[in-house]
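Asks: Need coordinates for the below:
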Amino acid sequence: MAYALLGCTWLIMKTEGDLQKAMHNLARPLALAILVVMGIVSLWTPLAHQDIADRWFSMPNLFWFMPVPALVLLTLYGLFKAVERNAHYTPFLLTLVLIFLGYSGLGISLWPNIVPPSISIWDAASPPQSQGFILVGTLFIIPLILGYTFWSYYVFRGKVTHEDGYH
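Replies: As a prediction, the model looks like this:
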């Protein structure tokens, strides 16, 4: 669902005409489907794992975790309004925010366990020597990936019009 909504809003941002109109019509049902899926995961997680339910609904944590679902609803509202007014860039940006919030909520729920309920992030981590080797490699490769990504976004900037085609 997330990839479908991302693709839909990407096409809203990058196209015009009939395809853009079709994607505007498709964005609302996809966003509602995302809301349903997020709701199912949000209900299933504390019901399946008592320690997560205790963490979510204990009194100081409740105030710290409550902004995530509130921001999800606010983002969905903004997405619906952006689609309603036929915005071009806002739906894609709000979809990115929505997916970030979904992963944030999942991360908050499972932290520090990578595999619930017993394997923590520290138990799953590789030895420090391996992490150091990976860090050095990452310091070289991430700038290349970011540079290529920025360059490709620059090359493919703007909208694809019917007249442009692929020729």
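
Asks: buried residues in the helix or strand of the chain with the lowest mean pLDDT?
Replies: The least trusted helix or strand in the chain, going by mean pLDDT, DSSP states H and E, turns out to be strand 113-115, with a mean of 75. Within strand 113-115, the residues scored as buried using 16 or more other CB atoms under 10 Å are Asn113. Using the backbone N, CA and C atoms, a C-beta is placed for each residue, glycine as well.

Asks: Sheet-wise, list the partners of it with their directions.
Replies: Under the criterion DSSP bridges, strand 113-115 sits next to strand 119-120 (antiparallel) in its sheet.

Asks: Now the partner strand: average pLDDT?
Replies: The average pLDDT for strand 119-120 rounds to 82.

Asks: Tell me the first helix or strand C-terminal of it.
Replies: Next helix or strand after strand 119-120 toward the C-terminus (DSSP states H and E): helix 121-124.

Asks: Pull the residues that contact that next one.
Replies: Contacts with helix 121-124, where a contact means CB atoms under 8 Å, 6 or more residues apart in numbering, come from 111-115.

Asks: Show me what the next helix-or-strand element following that helix packs onto, helices and strands only.
Replies: Counting by DSSP H and E, the element after helix 121-124 in chain order, helix or strand, is helix 128-155. Applying 3 or more CB pairs under 8 Å, 6 or more residues apart in numbering; DSSP states H and E, we find helix 128-155 packed against no helix or strand.

Asks: And the lengthiest helix in the chain, what's buried?
Replies: Longest helix in the chain by number of residues (criterion: DSSP state H): helix 18-48. Applying a neighbour-count criterion of 16+ other CB under 10 Å, one finds 20, 23-24, 26-28, 30-31, 34-35, 38, 42, 45-46 buried in helix 18-48.

Asks: Kindly report the same for stretch 151-163.
Replies: Neighbour-count burial for stretch 151-163 flags Val160 (criterion: 16+ other CB under 10 Å).

Asks: Can you get me the centre-to-centre distance for it and its chain?
Replies: Distance of stretch 151-163 from the chain centroid (CA atoms, centre = their mean, to the nearest Å) equals 23 Å.

Asks: Helix, strand, or coil at His88?
Replies: Recorded secondary structure, His88: coil (DSSP: H, G, I helix; E, B strand; the rest coil).
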